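Participant: Mind folding the following:
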Amino acid sequence: MVQAELYEQRAEAFLQLCDFQSAKLNLMKVLALAPAQEQHCLARLALVLDLQGQCLLDQELYSEALESFTQAAELQLPIALSLSCSIVCLAALGEFPEFLRVLNRELEEDVRNPDMYVLRAFFYKRFGQLALCHQDIQRALELEPQHRAAQALWQRLLRQGQEAKAQAVLKALCGDLRGALYEISFAIESDPLAAEFFTLRYLFWGTAGNCCSPPDQAACAGCCSAELLAMMLKPGVGWTRGVCFPLALDKALGQQPAPLSC
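Facilitator: Numbering: from 1, shown residues only. You can find the predicted model right below:
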C-alpha cells in the first residue's frame, strides 16, 4: 500500500510538470499494486487523459487530442468539456458526418443542453443550412437566454443579413436584378424576422417582371425606387405581416451604401 501511495504521489508530480505519459504510467502502477483503489485510479487516469487532450488541442494536434479525449470518455469521465473538445477535434479534422452523429446522439440523450445546440448551429451555418441553424439557436436561447455563444452567433447572422441586403440594393441600382434577388433571398435566410427584407424582395420581383430583356435592366434600376414605391402606395397593398410596406421600404432603403461603379 505504501508503495502504491508513492507511485500516486509521483504521478501527481509528473502531472504538475505536464508530463502526461509518465503520470499515466505511474497511475497504472498504482492500479496494479492496489486493485482496491481501481475506481479512484481510473478517475485520476481519465483526468490526466483529459488534460493531455486539452494541451494537444491548444497545439492544434487534433488527431492526438481526439485520441486522448476518446480514451478519457471510455473511462466514463463525467466532464462535459471532454465531449465538447472531442467534437471540436472532429470538426477540425473534417470528420463532419461523425461530428453531426455525435451531436445528434448527445442531444437525443440530453435535450436540455444549450451548448450542444450551439455547436450544431455552428455546423449548420458552416454548411449553409441557415433554417436549421436558426432553430438550434432558438432552442439554445430558450434553455439559457443569456447564452453568450448563442447570442454571438445570432448577432453574426443578423450582420450577415444586413450585409446581404446592402449588396442586394447595390446590385438592383446597377441593374443586376437577378443578383439582387439572390442577395436579398440570402438576407432573408440570415434574418427571417426582418420584414424589410421581404419588402425588398417583393419590389425586386415586381421590377424583374416589368423588364423584357437584359438591355432593359439599366432602366429597371432607375425605376426601382419611384415606380415601385408608387405601386406599394396603391390602395389595398399597404400591409403584410402587420408591417406597412412604405414604412418598411423607407427602412430598407434608408441605409444604402454609397454609390459604387457597377
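
Participant: Once you drop chain neighbours, what's closest to residue 198?
Facilitator: With sequence-adjacent residues excluded and distances taken as Cβ to Cβ, 6 or more residues apart in numbering, residue 198 is closest to residue 188, at 6.6 Å. Any C-beta I mention is one placed from the backbone N, CA and C, and that applies to glycine too.

Participant: quick one, what contacts the one you found?
Facilitator: 161, 194, 197-198, 201 (Cβ atoms under 8 Å, 6 or more residues apart in numbering).

Participant: so what pLDDT did it get?
Facilitator: On pLDDT, residue 188 comes in at 94.

Participant: Out of the contacts of residue 188, list just those in strands.
Facilitator: Among these, none falls in strands (DSSP state E).

Participant: longest helix anywhere in the protein?
Facilitator: helix 148-173 (DSSP state H).

Participant: following that helix, which helix or strand comes up?
Facilitator: helix 177-190 (DSSP states H and E).

Participant: residue closest to the middle of the chain?
Facilitator: residue 122 (1.8 Å; Cα atoms, centre = their mean).

Participant: In this structure it contacts residue 153, no?
Facilitator: Yes. Using Cβ atoms under 8 Å, residue 122 is in contact with residue 153, at 6.6 Å.

Participant: so what sits against both of these two?
Facilitator: With Cβ under 8 Å, 6+ apart, residue 122 and residue 153 have common neighbours residue 133.

Participant: what about residue 148, how many neighbours?
Facilitator: Neighbours of residue 148 under the rule other Cβ atoms under 10 Å: 9.

Participant: same question, residue 127
Facilitator: Residue 127: 11 neighbours (other Cβ under 10 Å).

Participant: Contacts only, for the residue nearest to it when sequence neighbours are not counted.
Facilitator: Nearest in space to residue 127, with sequence neighbours left out and distances taken as Cβ to Cβ, 6+ apart, is residue 96 at 7.8 Å. Each residue near residue 96 by Cβ under 8 Å, 6+ apart is listed here: 90, 123, 127.
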